[in-house]
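[1] coords please:
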Amino acid sequence: MTAHFINRRSTSMVVAIVASFVFLYRDVLTKLVNDWWIDENYSHGFVVLPAALYFAWEKRDKLYATASRPSLFGLFIVAGSLGLLLAGILGAEVFTTELSLVGAIAGSVLFLFGWAHFRLLLFPIAFLLLMIPIPAILFNQITFPLQLIASRFGEAALMMLQIPVLREGNIIHLANTSLEVAEACSGIRSLVSLLTLGLVYGYFTDSRNWMRTVLAIAAVPVAIITNGLRVAGTGAAAHFIGAEAAEGFLHAFSGWLVFSSAFLIVFVLHRLLMWAFPPKVATTTPDEKVLVHTTA
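    Have a look, this model is predicted:
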């Protein structure tokens, strides 16, 4: 099939599939938006969707220039995704239904346009996974270790500052108060948000896939370390100022300050890597130059 990316027939199929998609996944989409709105751990979902759409739109020229060769394998992926949707609805498993949403999108692209278009849209489609809330059982398995890491980091930093401290699990006891490194202070929120921001930043600032991967991976330890520093800073403020320093506006402001610092570290890391591994500049030889002929 040599038809271009968009023609009358494919447009009709796209419209029909999108309408069916919205109808089948209307409850899933509503639940997703509701989670983004009420749960601060997933508020970045409002950024993920438009960013993914922009990533896809940015490739429009390549998509137009690529021949459409629909693949029946995409139909199997769509069928499997609908099976996941049904299983999630019957089993009241929200994560399964939301995961099937991304699978249905991937399968639809493959079925309508083929592997070449799917490869071009692979990153925008995979990026959508970041908008899906982590299952509660997995979320708890991640947050509690992060709470302990932040607590230990804070304890070690406070001891280096010669501040008397005693830690019991995720509870840090000071001379005048006790601090609990709760789930909200585990750093999971800043970790996921920084990972998302790192992917977006890498996508726009560097065309090398290895550099984008490094920036995304680096976001994880950076988020963990800066959150540990936040816990230590909160403990120091509570010691010298009082327990009120660990509550209210100062506590919320420290979260924004630490997240901004974490992104600054990722930015500086990218600058250093750019200096150490500068991108290759495309050069042309004399034989490759285009000769322009003029007529009198």
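[2] switch to C-alpha atoms for all contacts and neighbour counts from now on
    OK.
[3] show me the shaky parts of the stretch 51-200 of the chain.
    184 (pLDDT under 70).
[4] quick one: the helices in it?
    60-65, 73-90, 94-113, 115-120, 122-127, 136-160, 188-205 (DSSP state H, counting those that start in this stretch).
[5] so L72 makes contact with V109?
    No: using C-alpha atoms under 8 Å, L72 is not in contact with V109; the gap is 10.9 Å.
[6] need the helices of the stretch 51-200 of the chain in JSON lines (columns: mean neighbour count).
    Shown next, in JSON lines, are these (neighbours: other C-alpha atoms under 10 Å):
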{"stretch": "helix 60-65", "mean neighbour count": "14"}
{"stretch": "helix 73-90", "mean neighbour count": "18"}
{"stretch": "helix 94-113", "mean neighbour count": "22"}
{"stretch": "helix 115-120", "mean neighbour count": "18"}
{"stretch": "helix 122-127", "mean neighbour count": "17"}
{"stretch": "helix 136-160", "mean neighbour count": "18"}
{"stretch": "helix 188-205", "mean neighbour count": "20"}
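[7] nearest to T213, out of those helices?
    Nearest of these to T213, taken as C-alpha to C-alpha: helix 188-205 at 8.0 Å.
[8] restricting to C-alpha, output that closest one in CSV.
    Only the C-alpha atoms of helix 188-205 are listed here, as CSV (Å, rounded to 0.1, in the frame of the first residue of the first chain):
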residue,chain,number,x,y,z
ILE,A,188,8.0,9.7,45.2
ARG,A,189,6.2,12.8,44.0
SER,A,190,9.3,14.7,43.1
LEU,A,191,10.9,11.5,41.7
VAL,A,192,8.1,10.9,39.2
SER,A,193,7.7,14.6,38.4
LEU,A,194,11.5,15.0,37.9
LEU,A,195,11.7,11.9,35.7
THR,A,196,8.9,13.3,33.6
LEU,A,197,10.5,16.7,33.4
GLY,A,198,13.9,15.1,32.6
LEU,A,199,12.4,13.2,29.7
VAL,A,200,10.8,16.4,28.3
TYR,A,201,13.9,18.4,28.8
GLY,A,202,16.2,15.8,27.2
TYR,A,203,13.8,15.5,24.3
PHE,A,204,13.9,19.2,23.5
THR,A,205,17.5,19.9,24.2
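[9] got the angle for that helix vs helix 136-160?
    90 degrees (axes from the mean of the first three to the mean of the last three C-alpha atoms, to 10 degrees).
[10] show the subsequent helix or strand relative to helix 188-205.
    helix 209-240 (DSSP states H and E).
[11] tell me the domain ranges of this protein?
    8-133, 137-276 (automatic domain parsing).
[12] circling back to that earlier point, mind checking which of the helices of the stretch 51-200 of the chain is nearest P221?
    Nearest of those to P221, taken as C-alpha to C-alpha: helix 188-205 at 8.5 Å.
[13] now do the buried residues in the helix or strand that L264 is a member of.
    Per DSSP H and E, L264 falls inside helix 248-276. Across helix 248-276, burial judged by 16 or more other C-alpha atoms under 10 Å covers H251, S254, G255, V258, F259, A262, F263, I265, V266, F267, H270.
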